[in-house]
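**Student:** Make a model of this:
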Amino acid sequence: MSEVFNRVAKNLNHYPYASGRRVIMGTQAAVATSQPLATLAGFEMLRSGGNAIDAALAMAIALTVVEPTSSGIGSDAFALVWDGALHGLNASGKSPQSLTLEPYAGLAEMPFLGWSTVTVPGAVSAWQTLSKRWGKLPFDRLFEPAIRYAESGFPVSPETARDWKRAERVYLPLTGAEFQPFQQVFFPNGRAPNAGEIWSSPLHAKTLKSIAHSNGESFYQGELAAAIAHFAAHTSGLLTLEDLAAHQADWVDPISTDYRGVTVWEIPPNGQGIATLMALNILEGFDLSRYPRESIESFHLQIEAMKLGFVDAHQHVADSRFMAVEIPHLLSKSYAAERRHLIGDEALAIAPAGLPRGGTVYLAASDGDLMVSFIQSNFMGFGSGVLIPETGIALQNRATGFSLKAGHPNHIGAGKRPFHTIIPGFLSQEGRAIGPFGVMGGPMQPQGHLQMVVNLVDYGMNPQAALDAPRWQWMEGNRVLLEHTVPQDVAVGLSDRHHKIQISAEPSAFGRGQIILRQNGVFMAASEPRADGIALAY
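**Tutor:** From the prediction side, this is the model:
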């Protein structure tokens, strides 16, 4: 392995930030999620003879129960899987075939609640597809931890409880028949559960059993599909049995760029991972290592490169069938060189429309043969606020990612995938896997990916320190959100360069990540200090 990751390994004793966490290491396998009970679900699969795919799917399924504020049975999902080569899976759903533009006429922006925000949920198809191709354990075995948590109940973890409490302001005031089942399941006492309070959901358990025993078929062509279509028909929704039956998860070719000798991989559009790759191409022309990690110059260059990557992503990324610009052009080093010339000593005054904050779970799993980068999301917190009665299926609000701008490749339309915020990441070098990584959180995700790559490659941080480090988030125009742990002199210096600085102590504003790297036969796993999760290895 190159000098880059030799530096990472040599820094396993270096923890410059006060999270109190340390890298978890093992030689056989590793798992990491944002919720401890979900991580244990994955570990349970490994100890039962399962592989990294079985572990990843058990964790994803468990997260629909133990972290419903970000992920649900009605979510979408994407995955990158290494089995000696890298494979991409796009399990995002399309808009209903009967969709018309009439409900959106006169709106300044896409709505974010209700049936008009719902596309076909794809997460279950990801579980089916990945298990069929690589899984060792029976499909129904993967559901056992989640069903236990749903039936017996579990203590709500602290950060999930905070997210749930914030959701009261959004979902409790909603009126209308389509929102009542959601409120009954997630706010049964008219409030969110507190941290440590036991929450259970027999409806989730019932539905997960149906999916498990039917190998997922009940969700798209059976009893659950019928329930979704029936509720839609009676509450002004557009999803039909035909929409659900037509859905499939698609294998896609991952996209990548070389950054200082390390290959960084993302899912191609309709995801926004290309923004990270474009920003890294721009950033590669600057020698960041000559500046300290916490320095005005390093922050400024990263922010400006990311800003330019986002401008292009917001302008061009859509369902790949509708994009007018070729991906290789956006990822070309010559194009990056053109864009790099726009960066000077002061902040660029560019103000594309931003995207809403997201609600997403990211997880990683690795064993000796397989490495999995997996992401699953409701989108904005709990999603649309629509829950199918008697099922526990809360539907995502991914149609919010469409544009209302006429002529835009991402303009809302029937049978179309929207711009997607969720992106799994992966690193390799010279044809060998290094490992999965990701940072969830709406538009923070490409920015989190860039910061993780910079921390690992430019600054040689170990995985935990890379996650612990203070973060920034470009918002729009010159607005930049800095984590409260960013040194004051950096904040002042960026302000002097005409960045409009805001300081935030809200952990969720800066994403939640997981990383598993493999070096010399050792798995090095780390979990986000801004969330409740843990990494485990053996």
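
**Student:** elements contacting the worst-scoring helix or strand of the chain on mean pLDDT?
**Tutor:** Ranked by mean pLDDT, DSSP states H and E, the helix or strand of the chain with the weakest confidence is helix 3-10, at a mean of 78. Counting contacts by 3 or more CB pairs under 8 Å, 6 or more residues apart in numbering; DSSP states H and E, helix 3-10 packs against strand 512-519. Every C-beta, even on glycine, is put in place using the N, C-alpha and C of the backbone.

**Student:** what residues does the helix or strand that the strand it packs on is followed by touch?
**Tutor:** Where DSSP states H and E defines the elements, the next helix or strand beyond strand 512-519 is strand 522-527. Contacts to strand 522-527, defined as CB atoms under 8 Å, 6 or more residues apart in numbering, come from residues 8-9, 12, 21, 23-34, 39, 364, 366, 435, 462-464, 466-467, 514-518, 533-537.

**Student:** so of these, which ones are in helices?
**Tutor:** Under the assignment DSSP state H, the contacts of strand 522-527 contribute 8-9, 39, 463-464, 466-467 to helices.

**Student:** still on that earlier bit, can you flag the buried ones in the contacts of strand 522-527?
**Tutor:** The neighbour-count test (16 or more other CB atoms under 10 Å) marks 8-9, 12, 21, 23-26, 29-34, 39, 364, 366, 435, 462-464, 466-467, 514-518, 533-537 as buried among the contacts of strand 522-527.

**Student:** was I right about residue 456 contacting residue 463?
**Tutor:** Yes - taking contacts as CB atoms under 8 Å, residue 456 lies within contact range of residue 463: 7.5 Å.

**Student:** Residues that sit against both of these two, list them.
**Tutor:** Taking CB under 8 Å, 6+ apart as the criterion, residue 456 and residue 463 both touch 8, 517.

**Student:** From residue 425, how far off is residue 20?
**Tutor:** 25 Å (CB to CB, to the nearest Å).

**Student:** Between those two, point out the one with more neighbours.
**Tutor:** For residue 20 and residue 425, the more surrounded residue by other CB atoms under 10 Å is residue 425, and the numbers stand at 30 against 8.

**Student:** how about residue 113, what does it touch?
**Tutor:** 170, 174, 384-385, 397.

**Student:** Repeat that for residue 395.
**Tutor:** Taking CB under 8 Å, 6+ apart as the test, what residue 395 contacts is 72, 74, 118, 121, 228, 383-384, 386-388.

**Student:** cool, residue 393 as well?
**Tutor:** With CB under 8 Å, 6+ apart, residue 393 has these contacts: 72-74, 121, 207, 224, 227-228, 387.

**Student:** Max pairwise distance over the ones in helices among the contacts of strand 522-527: which two?
**Tutor:** Every pair in the ones in helices among the contacts of strand 522-527 was compared (CB to CB); the two farthest apart turn out to be 9 and 39, at 23.4 Å.

**Student:** one step back: same list (the contacts of residue 393) but as CSV, adding distance to residue 151 and neighbour count.
**Tutor:** Formatted as CSV, the contacts of residue 393 follow (distance: CB to CB, whole Å; neighbours: other CB atoms under 10 Å):
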residue, distance to residue 151, neighbour count
72, 17, 28
73, 15, 28
74, 20, 29
121, 23, 29
207, 12, 26
224, 18, 23
227, 20, 19
228, 23, 27
387, 18, 27
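
**Student:** and which of those residues is nearest residue 412?
**Tutor:** So of the contacts of residue 393, ranked by how close each gets to residue 412 (CB to CB), first place is residue 121, at 17.9 Å.

**Student:** For the closest one, report the pLDDT, please.
**Tutor:** Note on residue 121: pLDDT of 98.

**Student:** give me the beta-bridge partners of the nearest residue to it once chain neighbours are set aside?
**Tutor:** Once flanking residues are discounted, residue 121 sits nearest to residue 74: 4.1 Å by CB to CB, 6 or more residues apart in numbering. On the basis of DSSP bridges, residue 74 is bridged to residue 395.

**Student:** Might one say that residue 74 is in contact with residue 382?
**Tutor:** No - using CB under 8 Å, residue 74 is not in contact with residue 382; the gap is 10.0 Å.

**Student:** joint contacts of these two?
**Tutor:** The overlap between the contact sets of residue 74 and residue 382 (CB under 8 Å, 6+ apart) consists of residue 394.

**Student:** If you drop the residues flanking it in sequence, what lies closest to residue 336?
**Tutor:** residue 281 (3.4 Å).

**Student:** again with residue 163
**Tutor:** residue 69 (4.0 Å).

**Student:** Tell me both backbone torsions, phi and psi, for that neighbour.
**Tutor:** phi -70, psi -10 (degrees, to the nearest 10).

**Student:** quick one, what contacts it?
**Tutor:** If you count contacts by CB under 8 Å, 6+ apart, then residue 69 has 160, 163-164, 167, 359, 381-382 around it.

**Student:** Which pLDDT value belongs to it?
**Tutor:** Residue 69 is given a pLDDT of 95.

**Student:** change the start of the numbering to 19 and stick with it
**Tutor:** I'll keep to 19 as the first residue from here, and by that count the last item is residue 87.

**Student:** Check the secondary structure at residue 392 for me.
**Tutor:** Judged by DSSP: H, G, I helix; E, B strand; the rest coil, the three-state class of residue 392 is strand.
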